[in-house]
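For reference, the sequence and a predicted model appear below.
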Amino acid sequence: MISSARMIDGIKILGFIAFPDVVFEGYIIISNDGGLTWDKYGNKQNFMWGITDQYFSTIDNGWLTTASKMYHTANSGINWDTLHFNVSKFHYFDSNNALGINDKEILLTNDSWNTFSVVDSIVTNIIPDEKIISNHFMLSQNYPNPFNPTTTIKYTIPSSYQNGPKTVLLKVYDVLGKEIKTLVNEKQNSGNYKVTYDAKDLPSGVYFYKLQSGNFSSTEKMILLR
């Protein structure tokens, strides 16, 4: 059973068999006739622990990752180079530039994983005491981060906020500073608040959310990774 497929040029299709939630082994099949017939790809290699993600820029050149390692081929799967670092999911912007995640970090490469840098840490959960209201404005890191496609943003309007409710703005921007979405635009009293943001219509990438009220302004970064 094909877990996912990628059409390369309208006729040639790569199929990916057995992701880790199905069985603990994976392999690639190829069709050269639009899916009528199939054969194992390249050297017919099996990948222990299944295939958790894959990207092929051409039928010859591709990357895939398992639960513990990343692999790269430049000759249609005849040979696979093993990259000994852990990336469970990745998103390619092109064949050189990509984001990858593991259980602790977000990684960025600009040269097809020959080198990479850590650009952020993973936030999986935040459990604040909802009954405590801070004396200061607070804008928390969204969680989960990276996210796909929904994430939660929490913020605090301080208990020292006097003279009634004030107008609060919470907006999302892209990396060029273009406003994407207004999440909050209303008067709010002091308290702890949370907003769920659904980015289902946006492409993968880095975005920013900004909280403003009176003279206060704070911005945080979030990563949408499909």
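Arrived safely.

And Thr152, how close does it get to Ser213?
The gap separating Thr152 from Ser213 is 19 Å, by CB to CB, to the nearest Å. Every residue, glycine included, has its C-beta placed from N, CA and C.

These two: who's more crowded?
Ranked by neighbour count (other CB atoms under 10 Å), Thr152 and Ser213 place Ser213 first, with 21 against 16.

what helix or strand is the residue nearest to the more buried one when sequence neighbours are not counted on?
The spatially closest residue to Ser213, leaving aside those adjacent along the chain, is Val168, at 4.7 Å (CB to CB, 6 or more residues apart in numbering). Assigned by DSSP states H and E, Val168 belongs to strand 166-174.

does the residue nearest to Ser213 really touch Asn189, like I thought?
No - with contacts defined as CB atoms under 8 Å, Val168 does not count as touching Asn189, sitting 9.9 Å away.

Residues in contact with both of the two, list them for me.
Shared contacts of Val168 and Asn189, defined by CB atoms under 8 Å, 6 or more residues apart in numbering, comprise Ile157.

coming back round to it: quickly list what the residue nearest to Ser213 is bridged to.
Glu186 (DSSP bridges).

Same question for Thr65.
Assigned bridge partners for Thr65, using DSSP bridges, are Asp53, Met70.

That one: neighbour count?
Using other CB under 10 Å, Thr65 has 25 other residues around it.

Can you give me the pLDDT of it?
We have a pLDDT of 85 for Thr65.

Next: Leu169.
So, for Leu169, pLDDT stands at 93.

Over to Val22?
pLDDT, read off for Val22, is 46.

shaky segments in the protein?
1-10, 18-24, 67, 120-135, 160-164 (pLDDT under 70).
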